[in-house]
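**Q** With the input below, show me the fold.
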Amino acid sequence: MSSRPVLAASLAALAALACEFVAAPAGAAQEKAAPDLGQLVAELEKTLSHAALVGHYTVTGRDDGKLAEERYELGEVKHLGDERWLFQARIRYGDADVALPLTLPVRWAGDTPIICVDDLAVPGLGTYTARVMIYRDHYAGFWTAADHGGHLFGVIERSKDDASGDNADRSKSP
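**A** Numbers count the residues shown, from 1 in each chain. Predicted coordinates:
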């Protein structure tokens, strides 16, 4: 058995914990103001609504050197209360192409949203457990299905139709 999946999972867990426990640089104020949850919710709604998550996924144990492509096209993304969010989504990967509303839990690690699903049955696709972090127009995480799993990662692309200019595609900027 390869140690790669164990190492990757360990690194992902450490990265998630680091979001909470990063020490302030020398000379910086020791207490950082807690992020305003209302502002974070509004920013996440704006970031994900009418955007596409475009990237790749891996399957642990499959080491053919090729990355499989995935695409999650989102309509409106709306906070329903507590940790519940409604995602109008079209999911495309491999031969799958399914459009449906999904109610997903989103938890916060400081100012970073993490989509957290446990044994979520997705009609037409299967049952999944996943942790997907959203940060600075990128997403990354881990997923499992009944008998396989892996990693996923990519960029968040904004709709070109957004006339406000606020949702301009920032994924290509440094």
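
**Q** Now do the SS call for residue 33.
**A** coil (DSSP: H, G, I helix; E, B strand; the rest coil).

**Q** tally of neighbours for it?
**A** By other CB atoms under 10 Å, the residues close to residue 33 number 6. Bear in mind the C-beta positions are built from the backbone N, C-alpha and C, glycine included.

**Q** ok, which stretches of this structure are strands?
**A** 51-57, 68-81, 84-93, 96-109, 112-122, 126-135, 138-144, 149-158 (DSSP state E).

**Q** relative orientation of the fifth one and strand 84-93 in degrees?
**A** Counting by axes from the mean of the first three to the mean of the last three CA atoms, to 10 degrees, strand 112-122 points 70 degrees away from the direction of strand 84-93.

**Q** tell me what strand 112-122 is packed against?
**A** The contact analysis (3 or more CB pairs under 8 Å, 6 or more residues apart in numbering; DSSP states H and E) places strand 112-122 against strand 96-109, strand 126-135.

**Q** Mind listing the strands the first one pairs with, and their directions?
**A** What that stands for is strand 96-109. As defined by DSSP bridges, the strand partners of strand 96-109 come to strand 84-93 (antiparallel), strand 112-122 (antiparallel).

**Q** In stretch 58-67, which residues are buried?
**A** Buried residues in stretch 58-67, counting neighbours by 16 or more other CB atoms under 10 Å, are found at 58, 60.

**Q** so how far is that stretch from its chain's centroid?
**A** 20 Å (CA atoms, centre = their mean, to the nearest Å).

**Q** Next: stretch 53-64.
**A** With CA atoms, centre = their mean, you get 15 Å for stretch 53-64.

**Q** Give me the contacts around that stretch.
**A** The contact list for stretch 53-64 (CB atoms under 8 Å, 6 or more residues apart in numbering) reads 2, 4-5, 67-72, 74, 93, 139, 143, 148-157.

**Q** Any chance of TSV for the strands paired with strand 96-109, columns mean neighbour count?
**A** Converted to TSV, the strands paired with strand 96-109 look like this (neighbours: other CB atoms under 10 Å):
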stretch	mean neighbour count
strand 84-93	17
strand 112-122	15
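
**Q** No further questions, thank you.
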